[in-house]
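1. Here is a sequence together with a model predicted from it:
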Amino acid sequence: MHFDFSQKVKDLQQRLTAFMDEYIYPNEQRFYGEIERDRWKPTRVIEELKPKARAAGLWNLFLPDAEGGAGLTNLEYAPLCEIMGRSVMAPEVFNCTAPDTGNMEVLARYGTPEQKERWLKPLLAGEIRSCFAMTEPAVASSDATNIEASIVREGNDYVINGRKWWSSGAGDPRCKIAIFMGKTDPSAAKHKQQSMILVPMDAPGVKIERLLTVFGYDHAPHGHGDVTFINVRVPITNMLLGEGRGFEIAQGRLGPGRIHHCMRCIGVAERALEVMCKRVQSRVAFGKPIAEQGTIRADIAVSRMEIEQLRLLTLKAAYMMDTVGNKEARAEIAMIKVVAPNVTLRVLDRAIQAHGGAGVSQDTFLAGAWASVRTLRLADGPDEVHTEAVAKLELGKWERRSAKSGSHRI
């Protein structure tokens with residue numbers, strides 16, 4: 001594995017960092033201020049910066065398709081996603097924010113020409129937003145076979161019924177389309193019962209019941225929707241790939257989606273460590289700078305060591321996805337999905353501790369970042385599910401080696 005980035009990637013890193021310095025960091029307070037004045041209205045600052053990012057060639061960097069995106073591999077995108085992860089507002093400015101990225105990849109990979117024209121094209125242009133309706137409040141959605149929402153064929157329509165929550169992005173008035181997962185055939189094989197279908201958010205019967213908070217943060221104007229779908233009718237042409245292929249689509253979607261979260265986590269952790277170092281050098285306690293306290297120095301050192309390990313495992317997972325595919329890289333994807341948020345949370349916690357009361361207030365990005373990253377231990381599968389997958393794969397390797405050698409070596 002060679003992690004020496006190409007000149008193309010290095011150039012993009014430099015341009016992206018320069019854009020962040022010139023436009024993103026100086027506008028963060030304006031971004032938060034606009035949200036406070038009108039919580040569920042898209043911010044003007046984001047809309048003003050998107051054309052600048054597009055003109056700078058820093059647009060749709062996540063998409064491997066060179067026609068609609070930057071044509072980068074997962075490994076090439078990793079350092080860029082890390083940079084964007086340093087600011088809450090940055091990914092949207094570059095049209096690289098979840099869940100739109102995953103939904104665009106689904107449409108690019110599985111959508112019909114008509115579906116791409118109607119939904120993918122405006123998503124790629126940053127004109128609309130989207131959400132992903134999969135998780136349900138009534139069942140343990142960590143096992144997606146539990147999903148109870150129904151998709152029933154009636155003539156030239158499908159009739160959709162169900163309740164979904166954590167449909168992130170549903171609160172945004174620009175959210176025009178949902179990718180909905182439900183059962184089309186409960187009698188089929190376990191992983192062939194589910195399908196994914198496109199549901200316009202303005203279709204009769206779609207209702208946002210409430211917007212959920214994350215440790216008290218409502219993440220306006222993005223929001224996490226608790227949404228009911230009651231006898232919603234959509235044409236049969238809205239089906240993605242075909243009936244019974246929902247799991248197939250989900251696996252294709254979740255690989256890149258999971259690792260993008262991990263890439264952004266590195267950026268969060270790096271920024272947390274930076275503000276921690278700045279803080280402890282500007283404060284004095286018990287007669288000397290906090291930076292000279294042994295426990296603080298240990299926290300800084302351990303944070304750096306953990307971030308470097310996190311980055312290397314992320315790059316390895318990205319490299320594996322590029323070279324052998326998501327299926328063969330499933331252990332690496334599962335491992336990084338557990339490691340990334342846990343490491344980032346530890347770094348954030350140390351930075352919060354070093355800031356004292358300021359660390360848990362709105363005066364730094366730390367408290368909000370901690371709340372967001374904590375959700376990643378649940379989003380796209382909880383830690384326990386990924387840990388179980390890693391254990392299963394590891395035991396399988398041991399059993400195959402034992403069967404081949406005919407003995408159990410210790």
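-> Great, that's in hand. Numbering: from 1, shown residues only.
2. State the helix or strand in which Thr101 lies.
-> According to DSSP states H and E, Thr101 maps onto helix 100-110.
3. Run through the residues that contact the residue positioned nearest the centre of the chain.
-> Nearest to the centroid of the C-alpha atoms of the chain, with distances taken as C-alpha atoms, centre = their mean, sits His261, at 4.1 Å. Neighbouring residues of His261 by C-beta atoms under 8 Å, 6 or more residues apart in numbering: 98, 337, 340-341, 376, 379-380. In short, each C-beta sits where N, CA and C put it, glycine included.
4. ditto for Cys265
-> 85, 310, 340-341, 343-344, 373, 376.
5. let's go with 10 Å and repeat that
-> 81-82, 85, 307, 310-311, 314, 336, 339-345, 347-348, 369, 372-373, 376 (C-beta atoms under 10 Å, 6 or more residues apart in numbering).
6. buried ones in the helix holding Thr101?
-> Going by neighbour count (16 or more other C-beta atoms under 10 Å), the buried part of helix 100-110 is 100-108, 110.
7. Including distance to Gly267 and pLDDT, could these go into TSV?
-> Shown next, in TSV, are the buried residues of helix 100-110 (distance: C-beta to C-beta, whole Å; pLDDT from 0 to 100):
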residue	distance to Gly267	pLDDT
Asp100	18	96
Thr101	15	95
Gly102	18	93
Asn103	22	95
Met104	21	95
Glu105	21	93
Val106	25	94
Leu107	26	95
Ala108	25	93
Tyr110	29	94
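8. all strands for the stretch 251-400 of the chain, in order.
-> For the stretch 251-400 of the chain, the strands defined by DSSP state E, counting those that start in this stretch occupy 284-285, 288-289.
9. chain center to the longest helix along the chain: distance?
-> In the chain, assigned by DSSP state H, the helix with the most residues is helix 246-281. Per C-alpha atoms, centre = their mean, to the nearest Å, the displacement of helix 246-281 from the mean C-alpha position of its chain is 8 Å.
10. Between helix 100-110 and that helix, find me the angle.
-> Angle between the axes of helix 246-281 and helix 100-110 is 150 degrees (criterion: axes from the mean of the first three to the mean of the last three C-alpha atoms, to 10 degrees).
11. related to what we said a few turns ago, nearest approach to Leu123 belongs to which of the strands of the stretch 251-400 of the chain?
-> strand 288-289 (49.3 Å; C-beta to C-beta).
12. Neighbouring strands - and their directions - for that closest one?
-> Paired neighbours of strand 288-289 in the sheet (DSSP bridges): strand 284-285 (antiparallel).
13. What lies in contact with the partner strand?
-> Taking C-beta under 10 Å, 6+ apart as the rule, strand 284-285 contacts 290-293, 296, 356.
14. Please state the offset of that strand from the chain centre?
-> So, by C-alpha atoms, centre = their mean, the centroid of strand 284-285 is 39 Å from its chain's centroid.
15. what's stretch 13-30 in contact with?
-> Counting by C-beta under 10 Å, 6+ apart, 5, 31, 33-34, 43-46, 48-49, 52-53, 56-58, 61, 79-84, 86-90, 93-94, 267, 271, 365 sit against stretch 13-30.
16. So which bits of stretch 145-157 are buried?
-> 147, 149, 151.
17. how far away is the residue nearest to the centre of the chain from Arg253?
-> The spacing between His261 and Arg253, counted by C-beta to C-beta, to the nearest Å, is 13 Å.
18. joint contacts of those two?
-> Counting by C-beta under 10 Å, 6+ apart, the residues touching both His261 and Arg253 are Asp380.
19. which residues in the stretch 151-300 of the chain form helices?
-> 246-281, 294-324 (DSSP state H, counting those that start in this stretch).
20. What is the burial count for Ser187?
-> As a burial measure, Ser187 scores 7 neighbours (other C-beta atoms under 10 Å).
21. Is it in contact with Gly244, as I believe?
-> No - using C-beta atoms under 10 Å, Ser187 is not in contact with Gly244, being 11.0 Å away.
22. got any residues that touch both of these two?
-> Gln193.
23. picking up where we left off before, which of the helices of the stretch 151-300 of the chain is buried the deepest?
-> helix 246-281 (a mean of 22; mean count of other C-beta atoms under 10 Å).
24. circling back: and the contacts of stretch 13-30, which are buried?
-> Using 16+ other C-beta under 10 Å as the threshold, 5, 31, 34, 43, 45-46, 49, 53, 58, 61, 79-84, 86-90, 93-94, 267, 271, 365 are the buried ones among these.
25. Go through those residues and flag which are in helices.
-> Per DSSP H, these map to helices at 31, 34, 45-46, 49, 53, 79-84, 90, 93, 267, 271.
26. how far away is Ala189 from Phe247?
-> Ala189 is 10 Å from Phe247, by C-beta to C-beta.
27. again with Leu366
-> According to C-beta to C-beta, Leu366 and Phe247 sit 38 Å apart.
28. what ranges of the chain fall below the confidence cut-off?
-> In the predicted model of the chain, residues 254-255, 406-410 satisfy pLDDT under 70.
29. Please compute how far stretch 38-57 lies from its chain's middle.
-> On C-alpha atoms, centre = their mean, the centre of stretch 38-57 falls 20 Å from that of its chain.
30. no wait, stretch 129-142
-> Here stretch 129-142 is found 14 Å from its chain centre; the criterion is C-alpha atoms, centre = their mean.
31. Convert that stretch to PDB, retaining C-alpha atoms only.
-> Extracted in PDB, the C-alpha atoms of stretch 129-142 (Å, rounded to 0.1, in the frame of the first residue of the first chain):
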ATOM      1  CA  ARG A 129     -31.500  18.000  -1.000                       C
ATOM      2  CA  SER A 130     -32.500  14.400  -0.100                       C
ATOM      3  CA  CYS A 131     -33.000  12.000   2.800                       C
ATOM      4  CA  PHE A 132     -32.700   8.200   3.300                       C
ATOM      5  CA  ALA A 133     -35.700   6.600   5.000                       C
ATOM      6  CA  MET A 134     -34.600   3.200   6.400                       C
ATOM      7  CA  THR A 135     -34.500   3.200  10.200                       C
ATOM      8  CA  GLU A 136     -37.800   2.500  12.000                       C
ATOM      9  CA  PRO A 137     -38.800   3.400  15.600                       C
ATOM     10  CA  ALA A 138     -40.800   0.200  16.200                       C
ATOM     11  CA  VAL A 139     -38.100  -2.300  15.500                       C
ATOM     12  CA  ALA A 140     -34.400  -2.900  16.100                       C
ATOM     13  CA  SER A 141     -33.200  -1.500  12.800                       C
ATOM     14  CA  SER A 142     -29.600  -2.600  13.400                       C
END
